[in-house]
Structures are given as structure tokens and as C-alpha cells.
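**Q** need coordinates for the following:
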Amino acid sequence: MKAMILCAGLGTRLRPWTLSHPKALVPVGGVPMLKRVADRLVGLGFDSLTLNVHHFAGQIVEYVGSGALGAADVSISDESECLLDTGGGILNAERLLSADGQPFLVHNVDILSDADLTALYRRHIESGADVTLLVSDRDSDRRLVFDSDMRVRGWHNRKTGETRPSVFEMMDSDISLSFSGIYVMSPSVFDAMRRLGFSGSFPIMDFFLKAASEIDIHGFRCDNLTIIDIGKPETLDRANRLQ
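**A** Here you go, the predicted model:
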């Protein structure tokens with residue numbers, strides 16, 4: 001099985017570490033996040049990994065070249081010249097991700113979780129969806145909204161009242177859940193991205209919300225999920241205390 005680990009971000013909230021290192025190599029319990037995420041994916045059977053790189057890209061390439069990721073088959077999607085954000089980074093890696101026609105998992109490098117990722121992948125295959133998002137009812141103001149069949153309808157901010165699309169109105173039957181930064185995509189998404197006018201640099205959430213009425217984007221609910229986004233100093237400290 002294939003997976004893409006998103007490693008290109010600037011990690012501005014983790015300065016001063018990221019003034020001289022990539023966020024992907026920030027240590028948690030003495031182990032770089034990239035290795036933590038990669039080792040877990042490989043242990044679950046995702047043995048073909050694609051990493052996109054931009055910020056201090058050479059350090060990640062050198063780290064991979066050292067053999068630190070063990071038996072994983074690792075490919076690099078180079079964004080050194082231009083940071084492409086989460087959506088553009090995936091589209092840029094199309095050649096690496098779509099060659100065999102099989103779905104691939106996408107995992108942010110700054111996420112630690114105990115999610116059952118093989119169950120997520122299996123649900124995606126069984127449902128025939130184009131995209132399957134790992135979601136949970138954790139405490140977060142920014143939420144995706146799903147219908148009773150767990151198909152994405154929109155997004156809202158519970159604190160500010162902002163919605164996307166701006167004309168979106170929630171219904172009593174809707175389900176509001178938090179996105180994890182982990183998802184499975186089928187190669188069909190690449191044609192959908194181009195058809196809807198996406199190119200260059202763009203956030204993947206922009207694509208999800210624009211494409212929700214045209215392709216099958218579903219949520220996979222994982223109750224009792226433990227998840228930590230280490231992208232902020234306070235959550236990085238929490239992760240280090242838990243390791």
C-alpha cells in the first residue's frame with residue numbers, strides 16, 4: 001500500500017527549531033517526527049512512501065538516504081523551488097501516487113495518533129469513495145459538516161459562525177466533526193482537481209469543499225481517537241511528555 005507524508009511545510013510556529021531544520025525532523029521523545037510517522041505506516045503495511053519536501057529539503061533527503069526509515073520504499077516529490085501547500089503538493093506528486101491505479105493514504109508529518117489506519121483504508125476501498133477523511137468528535141471549533149450518510153456538505157467555525165461555502169446552511173440531521181489531517185484518496189482525484197481549475201499551490205481543504213458536490217468525499221468516524229498535532233510549541237511539549 002502507498003502513502004504520502006506531507007513534509008514540505010515551513011513550521012513557522014515551531015521557531016527557532018525550524019529556522020535551521022525542517023519541521024519533519026523535529027524530535028518527539030528523541031525520535032524525529034518523520035521516522036515516527038513512517039515507522040507506524042510501514043508497520044501497518046504502507047511500505048511505499050512518498051515525501052514532499054521544500055523547507056530544508058536537503059536535510060530530509062539526507063536523512064532518508066541514511067537508511068533511517070528502514071525497509072520503506074521512499075520517493076521524494078521535490079518542491080524546493082515553490083511551496084505548493086497541501087493540495088498542490090499532492091497534485092505535484094501525481095506520477096508517484098497514481099502509477100498503479102490504487103488508492104493512497106495521505107498523512108501530515110506533524111500528526112501523532114492511535115487511529116486504525118488500515119480500517120480507514122479498508123473502508124475507502126469498500127465504499128468506492130474518491131476521498132475518505134478520518135474524522136472524530138474531538139474538541140475543535142473548526143469542523144466539517146456531513147450528511148447522515150457521512151458525505152461532506154461543508155465546513156463551519158463554531159466560534160465565529162463562518163461557513164464554507166458562504167451560502168452553506170446546516171440542517172438538523174447534519175453531523176459536525178473534526179478533521180484529523182489523515183485521509184485516503186483514489187487517483188480519480190487528480191482529474192477532478194484539474195477539471196475544477198486547481199493547479200499550482202492550493203490547500204487541500206479548498207479542493208474538498210469545492211469538489212464535495214461533484215465527487216464522493218466521505219468521512220470515516222473514529223471515536224475515542226487520541227491525536228496530537230505537534231505543530232505548536234504547547235502541543236509539542238505535550239507529545240514529548242507522553243513519549
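**Q** from here on, just use CA atoms for contacts and neighbour counts.
**A** Will do.
**Q** show me what contacts the residue nearest to Ala72 when sequence neighbours are not counted?
**A** Nearest non-adjacent residue to Ala72, counting by C-alpha to C-alpha, 6 or more residues apart in numbering: Asp47, 5.0 Å away. By C-alpha atoms under 8 Å, 6 or more residues apart in numbering, the residues touching Asp47 are Met1, Lys2, Ala3, Leu41, Ala71, Ala72, Asp73.
**Q** near the closest residue in space to Cys222 that isn't next to it in sequence, how many other residues are there?
**A** Nearest residue to Cys222 in three dimensions, chain neighbours excluded: Ser136, at 5.3 Å (C-alpha to C-alpha, 6+ apart). Burial of Ser136 is recorded as 22 neighbouring residues (other C-alpha atoms under 10 Å).
**Q** for Ser136, give its distance to Pro22.
**A** Counting by C-alpha to C-alpha, to the nearest Å, the separation of Ser136 from Pro22 is 28 Å.
**Q** hey, where'd the helices end up in the protein?
**A** Assigned by DSSP state H, the helices in the chain fall at 33-43, 57-65, 85-92, 94-98, 117-127, 188-195, 204-211, 233-242.
**Q** now those as TSV including mean neighbour count and distance to Asn224?
**A** TSV is the format used below for the helices of the chain (neighbours: other C-alpha atoms under 10 Å; distance: least, C-alpha to C-alpha, whole Å):
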stretch	mean neighbour count	distance to Asn224
helix 33-43	21	19
helix 57-65	16	33
helix 85-92	22	26
helix 94-98	17	31
helix 117-127	16	14
helix 188-195	15	29
helix 204-211	17	24
helix 233-242	13	17
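**Q** could I get those helices in JSON lines, plus columns for distance to Arg142?
**A** Shown next, in JSON lines, are the helices of the chain (distance: least, C-alpha to C-alpha, whole Å):
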{"stretch": "helix 33-43", "distance to Arg142": "24"}
{"stretch": "helix 57-65", "distance to Arg142": "31"}
{"stretch": "helix 85-92", "distance to Arg142": "18"}
{"stretch": "helix 94-98", "distance to Arg142": "29"}
{"stretch": "helix 117-127", "distance to Arg142": "22"}
{"stretch": "helix 188-195", "distance to Arg142": "24"}
{"stretch": "helix 204-211", "distance to Arg142": "12"}
{"stretch": "helix 233-242", "distance to Arg142": "17"}
